[in-house]
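Novice: Structure here, sequence nowhere to be found:
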C-alpha cells in the first residue's frame, strides 16, 4: 500500500472554506489549514482535525465521496447519518412525479 507524504499550510484569515471532517460529522467548522499530499490531493481542515485529515490524505487516491467518507471513518471520525433521499423519495423506488403513482386503482 502506498503512503503519501503530507504537509499543512495555514490559510489566510479571509479564506473561508468548511472543514471536510466537520462536514462529515455534521458539525460546523472553518478551515484553519490546507492539508496537501504528494498524491496531488488536498483538503481543508479546522485546527482540531488537522492530524486526522493528514492521516486520511496519506492513503487517499481520489475525491470520490463514498471513499472519502470511508477513509475518515477508518481514521476514527464518526460520521453523521447520510440523508440522501429527497422529499417524495422512498428507499426502494426513488422519486415519483405523481404522489402514489404506483397505486393505479383510482
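Specialist: On my side now, so go ahead. What you see is a predicted model; the values in this text were computed from it and never measured.
Novice: switch to C-alpha atoms for all contacts and neighbour counts from now on
Specialist: Will do.
Novice: so where's the protein uncertain?
Specialist: In the predicted model of the chain, residues 82-106 satisfy pLDDT under 70.
Novice: Could you pull out the helices in the protein for me?
Specialist: 20-25, 50-57, 65-75 (DSSP state H).
Novice: Check those helices for me and report the most buried one.
Specialist: When you average the neighbours per residue for each of these (mean count of other C-alpha atoms under 10 Å), helix 50-57 leads with a mean of 22.
Novice: tilt between that one and helix 65-75?
Specialist: Orientation of helix 50-57 against helix 65-75 (axes from the mean of the first three to the mean of the last three C-alpha atoms, to 10 degrees) gives an angle of 120 degrees.
Novice: What is helix 50-57 packed up against?
Specialist: If contacts are counted by 3 or more C-alpha pairs under 8 Å, 6 or more residues apart in numbering; DSSP states H and E, helix 50-57 sits against strand 6-10, strand 33-37, strand 42-45, helix 65-75.
Novice: Now distance to residue 24 too, for those, in CSV please.
Specialist: Written out in CSV, the entries for those read as follows (distance: least, C-alpha to C-alpha, whole Å):
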stretch, distance to residue 24
strand 6-10, 20
strand 33-37, 16
strand 42-45, 12
helix 65-75, 7
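Novice: quick one, which of those is nearest to residue 18?
Specialist: Counting by C-alpha to C-alpha, residue 18 lies closest to strand 42-45 out of these; the figure is 6.9 Å.
Novice: gap between the closest one and the chain center?
Specialist: Its chain's C-alpha centre lies 11 Å from the corresponding centre of strand 42-45 when counted by C-alpha atoms, centre = their mean, to the nearest Å.
Novice: neighbouring strands for that strand, and are they parallel or not?
Specialist: Strand pairing for strand 42-45, using DSSP bridges, gives strand 33-37 (antiparallel).
Novice: Work out the gap between the strand it pairs with and the centre of the chain.
Specialist: A distance of 15 Å separates the centroid of the chain from that of strand 33-37, by C-alpha atoms, centre = their mean.
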